[in-house]
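> return atomic coordinates for the entry below.
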Amino acid sequence: MPESKVWVRGSQHQVGWIAWELRRLDRFRWPAALVLPLIVFALWWYLTASGRIERFFLPSPFDTIKTGWEMVRTAEFWHDLTVTVGRIFGGFVIAAALAIPCGIAMGRSRFFNAVLLPPISFVRFVPMPAVIPLMILWYGSGEWGKVMIICLGVFFQLVLMVADAVAYIPEAYYEIAASVGADAWQRLRLFTLPAAGPEIWDSLRINFGLAWATLIFAEILGATSGLGYLIVRSQRYLLIESIFVAVLFIGTLGIITDRLFDKIYRVWFPWSAQVRRRETQL
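Numbers count the residues shown, from 1 in each chain. I've put the predicted structure just below:
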């Protein structure tokens, strides 16, 4: 047998063995996902229990859990949480409603891309904390100012990601649309959105995390309620456990919304290669 054929068969056998090992490890992925959080929790407990870090700077995990339990039993905490979630969704929905049509127009039209790309690129590189004082000055410290800060923080990143997703749709799709006599609305509904929809939804999911970061900036600099304001107030009175509780709640809400985006992705875009790849790993 030629040596080249032996080498090819050996390589195929090795690749098959690696794939089998990876599938075998997939059975333990959910228990493995708990390993790192447990290691962090154990290290956190050790550093505080051994006195290597003073509890003034790093409270123990059990003190933090106790403080969190006391906080969730108060109406003030739930008011702050509700206000924060309302600001997040309000600003994000407005940003998405503006960014998606603008991004589609930029991705499909060189004219719109030439008109909108320079100002969007300019504002995108301006740090949002530098704009927050102007937003507070123009819109005040009320709810509308916070919503606008989130909207601006998300819009300029999201519109470019949507434009890229639409621009990379194969031109053959539109040739098929033209061959069947599809009008502009049918091309958008039956070709553009199904082709770019998965990437657009991923862009929304990624930028939702950016909305959280922008909101906390806004609430820290000018607010009288919300989780960001809770962090500032706790820092003022040296309530370190309360700061940790607020941070843990923000991270937990972020994970929940990210999982929600992923579930909706699977339902709305079952034809996506990413969905099929994930299903083969289940």
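> now do the contacts for residue 270.
For residue 270, the contact set (CB atoms under 8 Å, 6 or more residues apart in numbering) is empty. No exception for glycine: its C-beta is placed from N, CA and C like everyone else's.
> that one in helix, strand or coil?
Three-state assignment for residue 270 (DSSP: H, G, I helix; E, B strand; the rest coil): coil.
> got the phi/psi numbers for it?
The phi/psi pair for residue 270 (degrees, to the nearest 10) reads phi -70, psi -20.
> for it, give its distance to residue 194.
For residue 270, the distance to residue 194 (CB to CB, to the nearest Å) stands at 11 Å.
> determine how far the longest helix along the chain lies from the middle of the whole chain.
Secondary structure assigned by DSSP state H gives helix 75-108 as the longest helix of the chain. Distance of helix 75-108 from the chain centroid (CA atoms, centre = their mean, to the nearest Å) equals 12 Å.
> just the mean pLDDT for that helix, thanks.
For helix 75-108, mean pLDDT rounds to 91.
> give the other helices and strands that that helix contacts.
helix 110-124, helix 143-167, helix 193-221, helix 227-236 (3 or more CB pairs under 8 Å, 6 or more residues apart in numbering; DSSP states H and E).
> flag every buried residue along it.
77, 80-81, 83-84, 87-88, 90-92, 94-96, 99-100, 102-108 (16 or more other CB atoms under 10 Å).
> again, but for stretch 164-182
Neighbour-count burial for stretch 164-182 flags 164-166, 169, 173-174, 177, 182 (criterion: 16+ other CB under 10 Å).
> now the nearest residue to residue 190 once chain neighbours are set aside, what's its secondary structure?
Spatial nearest neighbour of residue 190, chain neighbours left out: residue 182 (6.5 Å); criterion: CB to CB, 6 or more residues apart in numbering. With three-state DSSP as the basis, residue 182 sits in coil.
> which ones are touching the residue nearest to residue 79 when sequence neighbours are not counted?
In space, and not counting its chain neighbours, residue 79 is closest to residue 225: 6.5 Å by CB to CB, 6+ apart. By CB under 8 Å, 6+ apart, residue 225 lies in contact with 79-80, 83.
> and residue 225, what element?
Assigned by DSSP states H and E, residue 225 falls within no helix or strand.
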